[in-house]
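Student: Structure for this input, please:
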Amino acid sequence: MKRLLLKKGLCLWALIVWVNLSWAQQKIVVFQSDFGLKDGAVSAMKGVAMGVSTELKLFDLTHEIPAYNIWEAAYRLEQTVGYWPIGTVFVSVVDPGVGTERKSVVLKTKSGHFIVTPDNGTLTLLAESAGIAELREINEAVNRRKDSGKSYTFHGRDVYAYTAARLAAGVISFPQVGPLLPKQVVSLPYQKASREGQSLKGTIPILDVQYGNVWTNIPSDLFQQLGVTAGQSVRVRIFHRNQKVYEDTLPYVETFGGVAEGKPLVYLNSLLQVAFALNQGNFAETHHIGSGGEWSVELSR
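Tutor: Reported below is the predicted structural model:
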């Protein structure tokens, strides 16, 4: 009898867990786009969401992604998603192919976050770092704003904001988003962080745009394999499309004040990844450095 009760209890627990993972229960929707805030596009998306439920809590990740820059959208998601409560629903709309055959999807990460977006490369980094628990294609016959079928150029409002709001509000469960897809997303090419002999290689995924610092995807644990300690020097090479555009030996320091004003440095950024800066200057602008999959770095002693 005790075994039977225990078995029933475990089955009930498993059912509760399954139900909880099938619904986004936080009532939180976080928006990202390349729309800017000069017009009413962002407000329209939020209006659609509130039309689904006024109990939703709506936030912005950013709307200042450079126009059509799918890579940066991918990075900002990876940078941000993990800090939000499990069950949060994200809407990411950087969609130069809007209205074409690219899939509209919702990805559930292994951490339990949901991302509503076109499958155009936006999920490249998050799919790798957070993992894909499930991927579903949005069924627009059900999950599309009423009377919007003749609109082909604003899926952010008519499909993504609407679907995200329904999911976050509990109007639909995750399986009701649409059919299950293979756990594979469109992926943008880039140089992954790696060690090759006595050198480290990586990419420049993003610039710290406010200050012009250059961030890499080389994590601190990999950087430690060079055996460099604070105050020692690092040889830095930066490439664009495999052509070297910068080379110098820079001191590795823990704070910007570790070098004189205007001098270059290597440091670990807030994500504990290797970065380059000029103390109170703009490294990227000074040396004409950009970001994205076409940019790569090499570090050595």
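
Student: The residue nearest the centre of the chain and residue 97: what is the separation?
Tutor: Geometric centre of the chain, nearest residue: residue 77, 1.9 Å, by CA atoms, centre = their mean. Distance, residue 77 to residue 97, using CB to CB, to the nearest Å: 18 Å. From N, CA and C alone the C-beta is placed, and that goes for glycine too.

Student: cool, and residue 263?
Tutor: To residue 97, residue 263 is 44 Å away according to CB to CB.

Student: So these two - more neighbours on which side?
Tutor: Neighbour count, other CB atoms under 10 Å: between residue 263 and residue 97, residue 263 has more, with 16 against 11.

Student: List phi and psi for the more buried one.
Tutor: Main-chain dihedrals, residue 263, degrees, to the nearest 10: phi -90, psi 150.

Student: Please name the residues that touch it.
Tutor: Residue 263 makes contact with 278-279 under the criterion CB atoms under 8 Å, 6 or more residues apart in numbering.

Student: Stretch 202-213: end-to-end distance?
Tutor: 16 Å (CA to CA, to the nearest Å).

Student: Only the buried residues of it, if you could.
Tutor: 202-208, 212-213 (16 or more other CB atoms under 10 Å).

Student: remind me which residues of the stretch 1-150 of the chain are low pLDDT?
Tutor: Within the stretch 1-150 of the chain, the stretches with pLDDT under 70 are 1-25, 148-150.

Student: Quick one: the helices in it, in order.
Tutor: Under the criterion DSSP state H, counting those that start in this stretch, the stretch 1-150 of the chain contains helices at 2-22, 41-52, 70-80, 124-129.

Student: Kindly export stretch 256-267 (C-alpha atoms) in PDB.
Tutor: Only the C-alpha atoms of stretch 256-267 are listed here, as PDB (Å, rounded to 0.1, in the frame of the first residue of the first chain):
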ATOM      1  CA  PHE A 256      40.500  50.900 -15.800                       C
ATOM      2  CA  GLY A 257      42.500  53.000 -13.400                       C
ATOM      3  CA  GLY A 258      45.200  50.400 -13.600                       C
ATOM      4  CA  VAL A 259      46.700  52.400 -16.500                       C
ATOM      5  CA  ALA A 260      47.000  56.100 -17.200                       C
ATOM      6  CA  GLU A 261      44.200  58.100 -18.800                       C
ATOM      7  CA  GLY A 262      44.100  57.400 -22.600                       C
ATOM      8  CA  LYS A 263      46.200  54.300 -22.400                       C
ATOM      9  CA  PRO A 264      45.000  50.800 -23.600                       C
ATOM     10  CA  LEU A 265      44.300  47.800 -21.400                       C
ATOM     11  CA  VAL A 266      43.000  44.300 -21.300                       C
ATOM     12  CA  TYR A 267      40.400  43.500 -18.600                       C
END
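
Student: For that stretch, buried residues please.
Tutor: Neighbour counts over stretch 256-267 (16+ other CB under 10 Å) mark 256, 258-259, 263-267 as buried.

Student: average pLDDT across the helix or strand where residue 275 lies?
Tutor: Assigned by DSSP states H and E, residue 275 belongs to strand 273-278. Here strand 273-278 scores 97 as its mean pLDDT.

Student: Who are the contact partners of residue 184?
Tutor: Here residue 184 is in contact with 132, 135 (CB under 8 Å, 6+ apart).

Student: Give me the distance between it and residue 39.
Tutor: For residue 184, the distance to residue 39 (CB to CB) stands at 35 Å.

Student: Count the neighbours of residue 248 for me.
Tutor: Neighbour tally, residue 248, other CB under 10 Å: 13.

Student: Quick one: classify it as helix, strand or coil.
Tutor: Under DSSP: H, G, I helix; E, B strand; the rest coil, residue 248 falls in the strand class.

Student: Does residue 218 touch residue 195 like I think?
Tutor: No: with contact taken as CB atoms under 8 Å, residue 218 and residue 195 are classed as non-touching, separated by 9.4 Å.

Student: neighbour-wise, which of these two wins?
Tutor: residue 218 (25 against 14).

Student: How about the backbone phi and psi for that one?
Tutor: phi -80, psi 110.

Student: Show the contacting residues for it.
Tutor: Counting by CB under 8 Å, 6+ apart, residue 218 makes contact with 193, 200, 202, 273-274, 297, 299.

Student: Could you check how far it is from residue 192?
Tutor: Residue 218 sits at a distance of 10 Å from residue 192 (criterion: CB to CB).

Student: Now do the strand holding residue 275: which elements does it pack against?
Tutor: Here strand 273-278 is seen to pack against strand 213-219, helix 220-223, strand 264-268, helix 283-287 when contacts are counted using 3 or more CB pairs under 8 Å, 6 or more residues apart in numbering; DSSP states H and E.

Student: So what's the residue count around residue 278?
Tutor: Look at residue 278: counted by other CB under 10 Å, it has 22 neighbours.
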